[in-house]
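Colleague: make a model of this:
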Amino acid sequence: MSTKTDNRHLYLKVIDRIKEDIQSGVYAEKEKLPSEFELSKLLGVSRATLREALRILEEEKYLIRRHGVGTFVNTRPLFSTGIEQLASVTKMIEQVNMTPGTIFLSSQEGEPTENDVIRFQCDESDEIFSMERVRTADGQPVVYCLDKIPVKHLPASFTHEEESLFELFGREPHSGIKYAVADIEPIGYHDQVSPILECDPETALLLLKQIHYDQDDQPVLYSLNYFRADKFSFHVIRKRF
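Modeller: Have a look, this model is predicted:
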C-alpha cells in the first residue's frame, strides 16, 4: 500500500506504517527489515524520505541499525518505570502480570572493604553479608543482583528464600527502607553478567547502583542491579520549580 494518499509529510506516514507493521506482527522483534530499495518501493516513497523515517524510528528505539548488516526491529522493554519511584524488582515484575522468581547463586559474610566502610559508615570490625542472585520473570532471567547488608542491620527473619529485600526490611519494626540514592549506568556486554542473563552479544545492560536508607537515615543496603536493557527501561519525571 502506497503512502502517497496521506496529506501529511510522507516520512510521518512511513513512521506510522512501520510502527503499525511492528505492532501487528508483520515484522517481529529482532527481524531484519527489507532493504531500503525494497522498502521504499513497497511504501511508494523516495529513499530519502524512508531514511528520515528510519532515523526517527531508531531514535525512538523501535529500530536498531547495524552498519553494513541492515535494519532490525528492536526489542521493546517489558518493564518501564520511573527512576524516581522506589520499587522492588519483585513489584516491577508483578506489575506486568508476570511471575517473579529468584535463582540464588552465592552468599557469604566477611570483613568490609574500604568502600563498604565508607558507604555504610561502619567499623572495620563489622561484618558484611553479601548475596548474589538472578531475578526471573516467568522463568526468564532479567536482572542480576549483588546485594550487601551489614550483618548488624540484617533483619532477624531473613532467609535465603526471600524474594524481596524491600519487603523483608518492611516486616521489621522501624527498619523499613525509606529512600535510596541511585546512579544508573548503561554498559555493553559484560563478560560475567551477560551470559548469566542469557544475553545476545548486542544486548546492552543497565546498571543501577543504589544505597538504601532506613527510617533513621542509616545506610542498610547497597545493591548492584544489572537489568537487561531489552527488558527494562527507566524514565524520569522532571518538574519546573
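Colleague: before we move on, what SS does S106 have?
Modeller: Of the three states, S106 takes strand under DSSP: H, G, I helix; E, B strand; the rest coil.
Colleague: how much space between the residue nearest to it when sequence neighbours are not counted and T203?
Modeller: On the basis of CB to CB, 6 or more residues apart in numbering, the spatially nearest residue to S106 that is not a chain neighbour turns out to be E132, at 4.5 Å. All C-beta atoms are positioned from the backbone trio N, CA, C, and that covers glycine. Distance of E132 to T203, computed by CB to CB, to the nearest Å: 20 Å.
Colleague: ok, now K13?
Modeller: Plainly put, K13 is 31 Å away from T203 if you go by CB to CB.
Colleague: more crowded one of these two?
Modeller: Applying other CB atoms under 10 Å to K13 and T203 shows that K13 carries more neighbours, namely 21 against 16.
Colleague: buried stuff in the helix or strand hosting that one?
Modeller: Per DSSP states H and E: K13 is located in helix 10-23. Buried residues in helix 10-23, defined by neighbour count with 16 or more other CB atoms under 10 Å: L10, Y11, K13, V14, I15, R17, I18, I22.
Colleague: same check, this time on stretch 228-241
Modeller: Going by neighbour count (16+ other CB under 10 Å), the buried part of stretch 228-241 is R228, A229, D230, K231, F232, S233, F234.
Colleague: wait, what's in contact with H190?
Modeller: With CB atoms under 8 Å, 6 or more residues apart in numbering as the criterion, the residues that contact H190 are L205, Y226.
Colleague: and it, what element?
Modeller: When elements are defined using DSSP H and E, H190 is found to belong to no helix and no strand.
Colleague: any chance of the buried residues of helix 10-23 in TSV, plus pLDDT and distance to D217?
Modeller: Formatted as TSV, the buried residues of helix 10-23 follow (pLDDT from 0 to 100; distance: CB to CB, whole Å):
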residue	pLDDT	distance to D217
L10	87	57
Y11	89	52
K13	90	55
V14	93	53
I15	92	48
R17	93	53
I18	93	50
I22	88	47
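Colleague: adding distance to D116, write those residues out as CSV.
Modeller: CSV is the format used below for the buried residues of helix 10-23 (distance: CB to CB, whole Å):
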residue, distance to D116
L10, 58
Y11, 53
K13, 56
V14, 53
I15, 49
R17, 54
I18, 49
I22, 46
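Colleague: of those, which is the nearest to L146?
Modeller: When the buried residues of helix 10-23 are compared for distance to L146 (CB to CB), I22 comes out closest, at 35.1 Å.
Colleague: now that closest one: closest residue in space, sequence neighbours ignored.
Modeller: Spatial nearest neighbour of I22, chain neighbours left out: V73 (5.7 Å); criterion: CB to CB, 6+ apart.
Colleague: run through the bridge partners of the one you found.
Modeller: Applying DSSP bridges to V73 yields these beta-bridge partners: L63.
Colleague: that one reaches E58, doesn't it?
Modeller: No: taking contact to mean CB atoms under 8 Å, the distance of 11.1 Å between V73 and E58 leaves them out of contact.
Colleague: who touches both of these two?
Modeller: The contact sets of V73 and E58 overlap at I64 (CB under 8 Å, 6+ apart).
Colleague: got the CA positions of the least confident helix or strand in the chain by mean pLDDT in CSV?
Modeller: Counting by mean pLDDT, DSSP states H and E, the chain has its least confident helix or strand at strand 79-82, which shows a mean of 71. In CSV, the C-alpha atoms belonging to strand 79-82 read as follows (Å, rounded to 0.1, in the frame of the first residue of the first chain):
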residue,chain,number,x,y,z
PHE,A,79,9.1,-3.2,32.2
SER,A,80,9.0,0.5,32.2
THR,A,81,9.1,2.6,35.4
GLY,A,82,10.1,6.0,36.7
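Colleague: if anything else comes up later, I'll come back, but that's it for now.
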